[in-house]
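Turn this into a model:
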Amino acid sequence: MRRKVTKAVFPVAGLGTRFLPATKSVPKEIMTLVDRPLVQYAIDEARAAGIKEFIFITSRGKSALEDYFDESPILERELRKKGKLEALEDLKSTNMESGAIAYMRQHKALGLGHAVWCARRLIGDEPFAVMLPDDVISAEKPCLQQMIEAYEETGGNMVAAMEVPRDKTSNYGILDVKEDMGSMVSVKGMVEKPSVEDAPSNLAVIGRYILHPQVLKNLNKVKTGAGGEIQLTDAIAQEIEGTGVYGYRFRGQRFDCGSKAGFLQATVAFGLARDDLKDDLRKFLHSVMQIDNAAE
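So this is what the prediction gives:
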């Protein structure tokens with residue numbers, strides 16, 4: 001019987017330099033998308049997929065991230081006293097049970113592969129998920145839940161995948177497809193940030209993974225790759241002839257909230273999806289477009 005995926009690793013040690021000066025004192029992961037921090041979207045997605053243990057790979061200056069998931073008795077008491085019960089429930093939904101969440105320090109910025117490797121002792125010999133909070137995915141059924149359901153059929157290793165424009169392939173890990181089965185593809189190769197000319201396809205790896213524990217052992221031996229970092233892609237690629245690697249075309253829209261443009265696009269999209277915000281936001285956007293059209 002295939003073991004269930006109940007652990008997830010969240011690599012959040014990055015400095016968020018593209019969002020300076022905001023990230024000088026505020027970790028990028030708790031910057032708010034509408035009224036929830038980025039990391040909350042990832043946590044909610046993980047919970048919906050049945051994840052029970054949450055492992056954060058952090059670095060110096062991330063204490064605000066740890067505080068976010070702690071209880072806030074004074075604030076809860078004030079909300080209860082003022083009768084703001086809806087806000088109180090929202091607040092409680094951010095709390096994590098004692099023992100459900102762990103923090104590991106990545107002392108050197110050696111890449112995503114190294115960040116995942118830092119969690120090896122907490123993962124042990126179990127399959128596990130990796131979630132990058134920068135990739136926010138809007139979907140009727142949460143992306144990781146889609147993947148875990150597919151994983152229960154295939155086993156092996158699985159990466160979320162989506163088609164990207166050919167001229168953008170150098171920004172992603174790209175899959176070399178062995179067999180295309182629609183929502184699922186079997187993989188015969190993976191290339192990290194290839195040139196446009198060398199990209200084997202335009203099917204890119206997005207920040208959701210379900211991995212066999214052997215990948216952690218592979219990371220012990222992986223040398224630095226693209227960008228002088230230890231690439232997770234290289235360790236996964238070693239399993240193509242072993243436990244197998246699959247790409248999963250998820251159903252949903254992905255927003256790259258690691259970029260300013262992507263963050264703004266996500267803010268608009270998630271705002272328009274909210275019943276309490278969509279009317280005012282739509283009117284504002286319409287007025288902005290009218291001004292732009294008049295200027296032209």
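
Now do the helices in the chain.
With DSSP state H, the ranges of helices along the chain come out as 38-48, 63-68, 73-81, 85-92, 112-117, 120-123, 143-154, 214-221, 232-237, 260-272, 278-295.

The closest residue to Phe54 other than its chain neighbours: what's it in contact with?
Computed as C-beta to C-beta, 6 or more residues apart in numbering, the closest residue to Phe54 that is not its neighbour in sequence is Ile101, at 4.6 Å. No exception for glycine: its C-beta is placed from N, CA and C like everyone else's. Residues counted as contacts of Ile101 (C-beta atoms under 8 Å, 6 or more residues apart in numbering) are Glu53, Phe54, Ile55, Phe56, Phe69.

What subset of those residues is buried?
Glu53, Phe54, Ile55, Phe56, Phe69 (16 or more other C-beta atoms under 10 Å).

what sits opposite the second one in the beta ladder?
Bridge pairing for Phe54 (DSSP bridges) gives the partners Ala8, Ile101.

and it, what does it touch?
Ala8, Phe10, Ile43, Ala46, Met96, Ala100, Ile101, Ala102.

Tell me the one of those residues nearest Gly262?
Closest approach to Gly262 among the contacts of Phe54 (C-beta to C-beta): Phe10, at 18.6 Å.

Let me see the contact set for the residue nearest to that closest one when sequence neighbours are not counted.
Nearest residue to Phe10, sequence neighbours excluded (C-beta to C-beta, 6+ apart): Phe56, at 4.9 Å. Residues in contact with Phe56 (C-beta under 8 Å, 6+ apart) are Phe10, Val12, Leu65, Glu66, Ile101, Ala102, Tyr103, Met104.

pLDDT score assigned to the fifth one?
According to the predicted model, the pLDDT of Ile101 comes to 86.

ok so, going back, quick one: which of the contacts of Ile101 is nearest to Cys118?
Nearest member of those to Cys118, counting by C-beta to C-beta, is Ile55, at 8.9 Å.

Check the gap between that closest one and Met181 for me.
31 Å (C-beta to C-beta, to the nearest Å).

before we move on, what about Lys188?
Lys188 is 14 Å from Met181, by C-beta to C-beta.

More neighbours: which of those two?
Set Lys188 next to Met181 and count neighbours by other C-beta atoms under 10 Å: Lys188 wins out with 15 against 12.

Correct me if wrong: that one contacts Ser201.
No: using C-beta atoms under 8 Å, Lys188 is not in contact with Ser201, being 10.7 Å away.

okay, and the common contacts of the two?
With C-beta under 8 Å, 6+ apart, Lys188 and Ser201 have common neighbours Asp176, Val177.

So which residue is dead centre in the chain?
With distances taken as C-alpha atoms, centre = their mean, the residue of the chain nearest its centroid is Leu132 (2.4 Å).
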